[in-house]
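In: with the sequence up front, the predicted model follows.
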Amino acid sequence: MSEQKCPVHQTLSSLMGMLQSERLSHPKSRRIAEEIRDLLQDVAWGRAGDDHLNALRSLAEDLSGIADFQGTAGIPDLIRESLETHREVFQSHIDTHNCRSGDCVRLVPAPCQMACPSGIDVPTYVNLIAQGRDDEAVAVIRKDNPFPWVCGLVCTRPCEFMCVRGRIDKPVAIKTLKAFAAERALSDRRYVNPPKAPDTGKRVAVIGAGPGGMTAAYYLTLNGYRVTVFEALSVAGGMMMLGIPRYRLPREVIDREVGMLEDLGVTFRFEVRFGKDFRLGDLKSQGFDAVFLGIGAHRAFRLNIEGEKDFPQVTDAIELLRRVALGDRRLPGKRAVIIGGGNVAIDAARTCLRLGSDAVTIAYRRTRAEMPADIEEVEHAEDEGIRILFLTIPKAVLGEPGKVTGLQCLSATLIRKEDGDRLFPVPVPDSDFVLEADVIIPAIGQQVDQECLNDVDELKWTRRRTIHANTVSMETSIPGVFAGGDAVSGPATVVEAIGAGKRAAEAIHRYLSGIPQPFMPPVPVRRRRVPWLEIPASTKMTLKRPEMPLLNIERRRTTFQQVELGFSEAAAREEARRCLRCDICLRCGNCVEVCREKIGVNALEFGFLDFDHPGHTDFRITAERCILCGACAANCPNDAIKIVDRSDERMLSYCGTILNREKLEYCETCGAVLGPRRFLEYTKNRIQEIKPAVSSQKRCDACARKESARTHADHLPV
Amino acid sequence: MFRKGDKVVIYRQSSDESWEGHMDQYVGLHGIVTDPDTAKNDPDALIEVSLQDKGTHRFPQDCLKLLDEA
């Protein structure tokens, strides 16, 4: 790593120091200085665009024109001089998103944090949980995601796919730990809102109380904006409430976290339907300065088969889940047939079972291998007694007047088309058969309902019938109107919607403050650097990811009680200790290389360093081979490996995992530390050829020199 | 068809309208599919990929290849 300091990092640090000194008393000068800070952070984090440098210079000029001489003294000059002297470096950060000195990439987050669509500082909160500091863990999570408990139960956990521990055995159970901390903090009455910024006087309308909209509302309110959320239904939650069954996400969980938003000052207006009770144009006349569209994707695709529109017992899965979510517990039909192979189809099937259906069948036109639903969800459904019929194509809905009696189907076979590797289901001739049914539930995907925006000609749509928005700033084709969540991405995940809501909140803040929008997606922010926990290598290797305890099968089949019961406290704390602390180790491999190539010992078996082809990892092997020379620690750029002398031992650790420890040897003459035995033997062998041992006594260099000089004087004539 | 957990490479730019300018820098990067189309395996759907050190994004599938095939 270069010794030269990065001017971007230095300028930002100097400015932060000035801001923290609170000598900027004039509100306007403070605001401009904070805008300068935001732009500098964009540059330092590789997310600035072409306008940033000009905007920085312009803000510096604005600041120098304010009569707050004592407060602003130095800031305009700092910015001007930095830009003049180091313009190429600033430009390079913008163009290449890299920092040659390494100062700015010191903020590079761990893979789990990078993978999180909402950018949660995973290593920090996981290690706070390991220490029993659950409320602090929740506060860290909520800096990037206002729904820790919800996400702890339903997140698709991209973080766990990128978890480096997964290259050794199994990823850390990040999702479940989040739910554990949120539940504990609430139970302890220590789940609290952070303080809000002073009121800006500006108003923002959020359409839709789903995860994206409510996240935007949360961060805008924290930033001092007055936010009103408009919701067509009588409850908040959007797809969290309507699309996810209660056995996966209890209503209390959503209500508690929505309640936190209300406590913060977000205003909710329920049962007002956008496009019917009010329109986009009305919001401007009501004094809203910006709008966020989070209308979701609630409209189901149709099967387009004969008889589909002829019977009231044909109801799409989203409608069924919505009805049940709002409290309807009526039996949909004794024999339920669900069409589709995705997660929504599984949710609908498991819901029918809990409502009392005797026979629940999922008809899917491909095989188990192509089924898009999560494997765990499919396994849970089959455990509960749901039958899945593969290679089944629906042909027609059969029935008597006003009543469904069955679904006519065809068996299918899969063929591969010449120009691709995708398998297509093709009906087998004369393979018709009938699945008897009292209710038929298509679950073949959803799309955005465009009707509510039909009158807004300026709004651009994509060919996928989603709102066209920049995925960095979430700006639509209409100035001041932002969008996010499923309405932009198409049906996606809760955590993606939360990430979009967070980005939109920042973009709206910039829009209302006249700051340019970023060009690059945000780099997640390291919130804290929690000290690591010491743990023996053998413990680190042998701790296993706990199995999730589940509700017994009888209750699962008959009630909407939560299926996953969560970890016990002991299991959660132990699980958190499996974290490798990738926020500290950058996995550069310097340690392995120097130990193997330079020292020739090869004591570090760190196969997890390679993303594409992970090798074998065993922290315990280090103790068998390591000589405790410290070369690995000396070559670690981020202090992940440490070698220390503690009482009468020398100890080598990797992010707190104790790799090796050995008793120290001392100088027999003066008592100075010589090092551990293995190290002394290693050095003795290395220098044997050039300096044979003159004595078997253990002496430090100083005492050996003295002894050598005395012997020299005694035996040689002067 | 991509499955959850597949290791992929972004081997080229996409001409799809969802491809944004900043995505050019992702070409050549490796990642893991974290949320494929979980409704019907639509080859035209945007799927979620966690890129090594570059975050999680949705991409059109025509720019992705399984890492083993690359």
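Out: Okay, I see it.

In: next, the buried residues of stretch A:623-630.
Out: Using 16 or more other CB atoms under 10 Å in any protein chain shown as the burial criterion, the residues of stretch A:623-630 that qualify are A:623, A:626-630. To be clear about C-beta, it is placed using only N, CA and C from the backbone, and glycine gets the same treatment.

In: identify the residues contacting the nearest residue in space to A:Ile244 that is not next to it in sequence.
Out: Take A:Ile244 and drop its neighbours on the chain: the residue closest to it by CB to CB, 6 or more residues apart in numbering or on different chains is A:Val154, 5.7 Å away. The contact partners of A:Val154, by CB atoms under 8 Å, 6 or more residues apart in numbering or on different chains, come to A:240, A:244, A:248-249, A:494.

In: widest-spaced pair of those?
Out: Maximum pairwise distance in these, criterion CB to CB, is 11.1 Å, between A:Arg248 and A:Val494.

In: now do the strands in chain B.
Out: In chain B, the strands defined using DSSP state E lie at B:7-10, B:30-35, B:47-51, B:55-59, B:64-66.

In: what separates the first one from the chain centre, distance-wise?
Out: Right, the one you point to is strand B:7-10. Mean-position distance between strand B:7-10 and its chain equals 7 Å (CA atoms, centre = their mean, to the nearest Å).

In: for it, which strands pair with it and how are they oriented?
Out: Using DSSP bridges, strand B:7-10 pairs in its sheet with strand B:30-35 (antiparallel), strand B:64-66 (antiparallel).

In: now render those strands as a markdown table, adding mean pLDDT.
Out: Output for the strands paired with strand B:7-10, formatted as a markdown table (pLDDT from 0 to 100):
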| stretch | mean pLDDT |
| --- | --- |
| strand B:30-35 | 92 |
| strand B:64-66 | 94 |
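
In: would you mind putting those strands into JSON lines with distance to A:Val126 alongside?
Out: As requested, the strands paired with strand B:7-10 are exported to JSON lines (distance: least, CB to CB, whole Å):
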{"stretch": "strand B:30-35", "distance to A:Val126": "19"}
{"stretch": "strand B:64-66", "distance to A:Val126": "30"}
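
In: residue closest to the middle of chain A?
Out: A:Cys116 (1.9 Å; CA atoms, centre = their mean).

In: close enough to count as contact, it and A:Val525?
Out: No: at 11.5 Å, A:Cys116 does not count as touching A:Val525 under the criterion of CB atoms under 8 Å.

In: pull up the overlap in contacts between those two.
Out: Residues touching both A:Cys116 and A:Val525 by CB under 8 Å, 6+ apart: A:Asp144.

In: does anything pack onto the helix or strand containing A:Val344? Which helices or strands?
Out: Element membership of A:Val344 [criterion: DSSP states H and E] is helix A:343-355. Counting contacts by 3 or more CB pairs under 8 Å, 6 or more residues apart in numbering or on different chains; DSSP states H and E, helix A:343-355 is packed against helix A:317-325, strand A:335-339, strand A:359-363, helix A:375-383, strand A:439-442, helix A:553-558.

In: of the ones you listed, which approaches A:Gly210 most closely?
Out: If you check each of the helices and strands packed on helix A:343-355 against A:Gly210 by CB to CB, helix A:317-325 wins as the nearest, at 12.8 Å.

In: ok, back up a step: redo the buried residues of stretch A:623-630 as a markdown table? Include pLDDT, distance to A:Val673 and secondary structure.
Out: Shown next, in a markdown table, are the buried residues of stretch A:623-630 (pLDDT from 0 to 100; distance: CB to CB, whole Å; DSSP: H, G, I helix; E, B strand; the rest coil):
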| residue | pLDDT | distance to A:Val673 | secondary structure |
| --- | --- | --- | --- |
| A:Ala623 | 96 | 20 | helix |
| A:Cys626 | 96 | 18 | coil |
| A:Ile627 | 95 | 15 | coil |
| A:Leu628 | 96 | 12 | coil |
| A:Cys629 | 95 | 14 | coil |
| A:Gly630 | 95 | 13 | coil |
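
In: Throw those residues into a markdown table and include distance to A:Gly210, thanks.
Out: Shown next, in a markdown table, are those (distance: CB to CB, whole Å):
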| residue | distance to A:Gly210 |
| --- | --- |
| A:Ala623 | 52 |
| A:Cys626 | 53 |
| A:Ile627 | 58 |
| A:Leu628 | 56 |
| A:Cys629 | 57 |
| A:Gly630 | 54 |
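
In: sketch out the low-pLDDT regions of the chain for me.
Out: Picked chain A for this. Of all residues in chain A, those with pLDDT under 70 make up the ranges A:1-4, A:46, A:67-73, A:96-102, A:105-107, A:419-420, A:690-696, A:716-718.

In: could you do chain B instead?
Out: Along chain B, segments meeting pLDDT under 70 span B:69-70.

In: those residues of it touching chain A, which are they?
Out: B:1, B:4-5, B:7, B:17-18, B:20-22, B:25, B:30, B:32, B:34-46, B:48, B:50, B:52-58, B:67 (CB under 8 Å from any CB of the partner chain).

In: for whichever residue of the stretch 151-300 of chain A sits closest to chain B, which non-adjacent residue is spatially closest?
Out: Closest approach between the stretch 151-300 of chain A and chain B, counting by CB to the nearest CB: A:Pro158, at 3.8 Å. Nearest residue to A:Pro158 in three dimensions, chain neighbours excluded: B:Thr34, at 3.8 Å (CB to CB, 6+ apart).

In: check contacts around the one you found.
Out: A:115, A:156-158, A:161, B:4, B:48-50, B:56.

In: from what I can see B:Asp42 touches A:Gly445, true?
Out: Yes: here B:Asp42 reaches A:Gly445: they are 7.4 Å apart, a contact under CB under 8 Å.

In: neighbour count: the two, which is higher?
Out: Using other CB atoms under 10 Å in any protein chain shown as the criterion, B:Asp42 and A:Gly445 rank with A:Gly445 on top: 25 against 17.

In: got the phi and psi for A:Glu662?
Out: Dihedral pair for A:Glu662: phi -150, psi 150, per degrees, to the nearest 10.

In: residues contacting it?
Out: Neighbour list for A:Glu662: A:628, A:649-650, A:676-678 [criterion: CB under 8 Å, 6+ apart].

In: ok, now A:Pro516?
Out: Going by CB under 8 Å, 6+ apart, A:Pro516 touches A:39, A:49, A:51-52, A:55, A:510.

In: again, but for A:Ala55
Out: With contacts defined as CB under 8 Å, 6+ apart, A:Ala55 is in contact with A:39, A:515-516.

In: okay then, goodbye and thanks.
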